[in-house]
Each structure stands twice: as C-alpha cells, then as structure tokens.
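Asks: Predicted model follows, preceded by the sequence.
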Amino acid sequence: MKKPTCSTNSCFSGTRLFTWLIVMIGLIAVSLMGCTNGNSQNVQQKKEGIRMMEPAKLAATITDPKAEKPLIYSLGPFPELKGAIDIGPGADKANMEKLKVAIQNVPKDKAIVIYCGCCPFDRCPNVFPAMKMLTDMGYTNHSLLNLKTNFKTDWINHQYPLNN
C-alpha cells in the first residue's frame, strides 16, 4: 500500500505554515489586548465618581502657609509625603479599621487626601477600598492623589514636599 503524499494544496507547506502561525499569533495578541482593556475598564469603573487631586496641586497646598491643609492618609508603603498619616496598606482589613478609627471624629466635609504610590492604579489594591469606605461613611470632600505611575515618579522626582 502506497503512503499518501501531501500536495501543496492539502498540507502545511512552508508558506502555509508561516501564514497559519501569523494568524495564530495575531489572535493571541488580540485576546491579550482584550484582557488589558478589561483592566483599564475596571480601573475606570473604580475611578468613576472619585475626585482626583493632582500632585502639583497638593504640593502647592502643603507649601502655602495660608492654605487650609487637608488630612493626608498614606495607604501604602510611602508615608514620606509631608504631613501624611501612615495607615498601612489599604488591602489589609485591619488597616481599613485603623483608617475608620482615625477619621471617626473628622467632620464629613473636611478635605481628605488618600494615596498609596506603590504602583499604577490598575494594579493598586490599596486606595479604592479606602475611597469607597469614605464615601459609604458619608464623607464628601475626599480625593485620591493622582499618582499615575508610583510615588517616586509622580512625587519624589518632582521634588514635592516630604517629611524630614
């Protein structure tokens, strides 16, 4: 019995194999981009309704002797921002309780700034639970410090005020 042979129309020849591989790589790339867009959408959903404060604005407020200072809470590994109160990572439920105790006597309209700075927002487990908690507790003047990359890049590298 004679073994079947492949004709160029029926088997993966060099050109067909190459084309098939390119198509498969393209499909995988599109799938991965969809996952990334999902993360961006999740971050956008988390950020909806959250007041963001730009680092330059907070730095100006901190350094202005006449400006009313907000309460600043660090929910990450960098409590070095001038005037920040170190709560600890917001992903830890014990630290969320610590924040709740820290603000229990604070007027609901007092300016409060929350920050972490460990990583970009799409990966930060610390700030969004705190912002939700403040909203749920009836606070009306809280902001998330807009550290898009991390604390070093968005605060320290700009030589904004730090604790001594």
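Replies: All right, it came through fine.
Asks: Val127: what's it in contact with?
Replies: If you count contacts by C-beta atoms under 8 Å, 6 or more residues apart in numbering, Val127 has them with Leu75, Gly76, Gly90, Ile114, Tyr115, Cys116, Phe121, Leu144. For glycine as for every other residue, the C-beta is placed from the backbone atoms N, C-alpha and C.
Asks: Between the residues you listed, which has the least confident prediction?
Replies: On pLDDT alone, Phe121 ranks lowest of those, at 72.
Asks: count of residues packed around it?
Replies: Using other C-beta atoms under 10 Å, Phe121 has 21 neighbouring residues.
Asks: Thought Thr149 was touching it, still the case?
Replies: No: if you go by C-beta atoms under 8 Å, Phe121 and Thr149 don't touch, sitting 9.5 Å apart.
Asks: what are the ranges of the helices in the protein?
Replies: 14-47, 55-63, 93-103, 127-136, 151-154 (DSSP state H).
Asks: Check those helices for me: which has the lowest mean pLDDT.
Replies: helix 14-47 (a mean of 48).
Asks: Next one: the nearest residue to Met133 once chain neighbours are set aside from Ser143, what distance?
Replies: Nearest non-adjacent residue to Met133, counting by C-beta to C-beta, 6 or more residues apart in numbering: Met96, 6.2 Å away. Separation of Met96 from Ser143 (C-beta to C-beta, to the nearest Å): 18 Å.
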